[in-house]
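Asker: quick one, fold the following:
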Amino acid sequence: MSKRRKIIKLTTASFSIMCIGSCIEPFDAKFEDFESVLVVEATITDQLEQQRVFLTRTFEFDDDAPFPESNANVSVKGGGNVFVFQESVPGLYLSTQAFAAQSNIDYQLRIETQNGSSYNSQQMTLTQATQIDDLRAERISNNLGEDGVAVLVDSFDSTGNSVNYLYQYEETYKIIAPDWAPLDYVIRNQEGVDMLELIPRGMDERICYATDVSNSIILANTTNLSEDRVSNYMVRFMGSNNYILSHRYSILVKQFVLSNAAYTFYERLNQFSENESLFSENQPGFLEGNISSEDSREKVLGFFSVSSVSEKRIFFNYEDFFPDKRLPEFVNPCRPVGVGTGLLEQVRADVVKYFGTIVNNITGEVETAVVPRVCGDCTVLGSSEIPEFWIE
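Answerer: A predicted model of the protein is given here:
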């Protein structure tokens, strides 16, 4: 008889700060013994691509975000080759050449930071490949009774050797500016005085496409099942009132097969993030991965994985699941307001867009109106460039 599948969801933010919880009351805390620790997120796959390594530093609670670790020397050695990585943006290192991890080859990550510290991973081999069998969207009510769309995945390994899975997704959605107008304001300087002028406008700010990536680490394990099968597993849920569903939506789901060591690391990391109190008496200690410093006194947080990956993409429209519902509310109420004093400065600051005319409820007169920029310019939320993969 099949046993219940064990599922873990973990916010990536906790990867950097170790513990995240909701505070009932604000408090001021100062940590005299704060230690800046290198944080490594590195997974190379069997896809032929530029592989990635992320390097950051742990940060204190009063900091806004992790600090990227820049100017490091990063390389992966395997099969007699050394693959060099270069920093693309602060903290993100891309392999200078595309490569795919091969079976039965040991790979090792090496990092040298700008302060002279060196780090090496244990040698890791590629996990067994297991394909996503099906990816689909279904209308459901979640555990809270919320109506929405679930993205579900099925996978099966007949050999029973995969067992450990990690899912990531990349979602892209179409945005139509609800109050786009064919005219817009520009500022003209006439004899030393800035003046507003309405001119015809292009269409490139009417329809856009935005892309978001998953911000959680989603693990599935089939060890206690009668077979190595992931069935009807929900990787994403969106309520029916989520504006990203309004027009057309696409999601790319990636399935990574993890080694036992990698799965154990992320499972333990989940235990850190779910710790009931940051200051509890039962602190689990520092979480060790498979990366160590050549100076044994230095700590490093992270795991180097070599994983097979499978991916699928689907598209759907709002009316496919909610044919009788109105479209979700936009991110802004988009209420047009009559043009008043200060319009020139608002246009200069690029915070409003021309709307057209409205009737003043008090005077009954027709007057020119503007809306918040997001309502008339979709590039606030996305890009007007159509993605290469996009299908209408």
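Asker: quick one: Val186 is in a strand?
Answerer: Yes: counting by DSSP: H, G, I helix; E, B strand; the rest coil, Val186 is part of a strand.
Asker: can I assume it is in contact with Ile199?
Answerer: Yes: the pair Val186 / Ile199 is scored as a contact, 5.5 Å apart, by CB atoms under 8 Å. C-beta here means a position set from N, CA and C on the backbone, and glycine is covered the same way.
Asker: and for the closest residue to Glu294 other than its chain neighbours, the neighbour number?
Answerer: In space, and not counting its chain neighbours, Glu294 is closest to Ser118: 4.4 Å by CB to CB, 6 or more residues apart in numbering. Ser118: 14 surrounding residues under other CB atoms under 10 Å.
Asker: now do the contacts for Ser118.
Answerer: Ser118 sits next to Arg110, Ile111, Glu112, Ser293, Glu294, Asp295 when contact means CB atoms under 8 Å, 6 or more residues apart in numbering.
Asker: now these in CSV, please, with extra columns for pLDDT.
Answerer: Below are the contacts of Ser118 laid out as CSV (pLDDT from 0 to 100):
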residue, pLDDT
Arg110, 98
Ile111, 97
Glu112, 97
Ser293, 92
Glu294, 89
Asp295, 80
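Asker: list buried residues within the residues you listed.
Answerer: Among the contacts of Ser118, those buried by neighbour count (16 or more other CB atoms under 10 Å) are Arg110, Ile111, Glu112, Ser293.
Asker: per-residue confidence at Ala65?
Answerer: For Ala65, the pLDDT comes out at 63.
Asker: ok, now how distant is Glu41 from Ile386?
Answerer: Per CB to CB, to the nearest Å, Glu41 is found 30 Å from Ile386.
Asker: apologies, that question was intended for Glu191.
Answerer: 43 Å.
Asker: low-confidence ranges, this protein, go.
Answerer: Segments of the chain classed as low confidence (criterion: pLDDT under 70) are 1-35, 59-65, 273-286.
Asker: what do you get if the cut-off is 90, keeping everything else the same?
Answerer: Applying pLDDT under 90 to the chain picks out residues 1-37, 57-67, 190-192, 215-217, 266-288, 294-299, 340-341, 360-365.
Asker: now the helices for it?
Answerer: Using DSSP state H, the helices of the chain run over 13-17, 260-273, 318-321, 343-348, 373-376.
Asker: residues contacting the residue nearest to Val309 when sequence neighbours are not counted?
Answerer: Computed as CB to CB, 6+ apart, the closest residue to Val309 that is not its neighbour in sequence is Thr45, at 4.5 Å. Contacts of Thr45 were listed using CB under 8 Å, 6+ apart, and they are Gln51, Ala100, Ala101, Phe256, Val306, Ser307, Ser308, Val309.
Asker: separation between Glu138 and Met234?
Answerer: 9 Å.
Asker: find residues that contact each of these two.
Answerer: Counting by CB under 8 Å, 6+ apart, the residues touching both Glu138 and Met234 are Ala150, Leu152.
Asker: looking at these two, which one has more neighbours?
Answerer: Using other CB under 10 Å as the criterion, Glu138 and Met234 rank with Met234 on top: 15 against 12.
Asker: now that one. Nearest residue, chain neighbours left out?
Answerer: Ala150 (4.8 Å).
Asker: surely the one you found and Arg236 touch.
Answerer: Yes: here Ala150 reaches Arg236: they are 7.2 Å apart, a contact under CB under 8 Å.
Asker: how many neighbours does the closest residue to Glu49 other than its chain neighbours have?
Answerer: Spatially, and ignoring its direct neighbours in sequence, Glu49 is nearest to Ala98 (5.4 Å; CB to CB, 6+ apart). By other CB under 10 Å, 12 other residues sit near Ala98.
Asker: just list the residues touching Ala98, thanks.
Answerer: Leu48, Glu49, Gln50.
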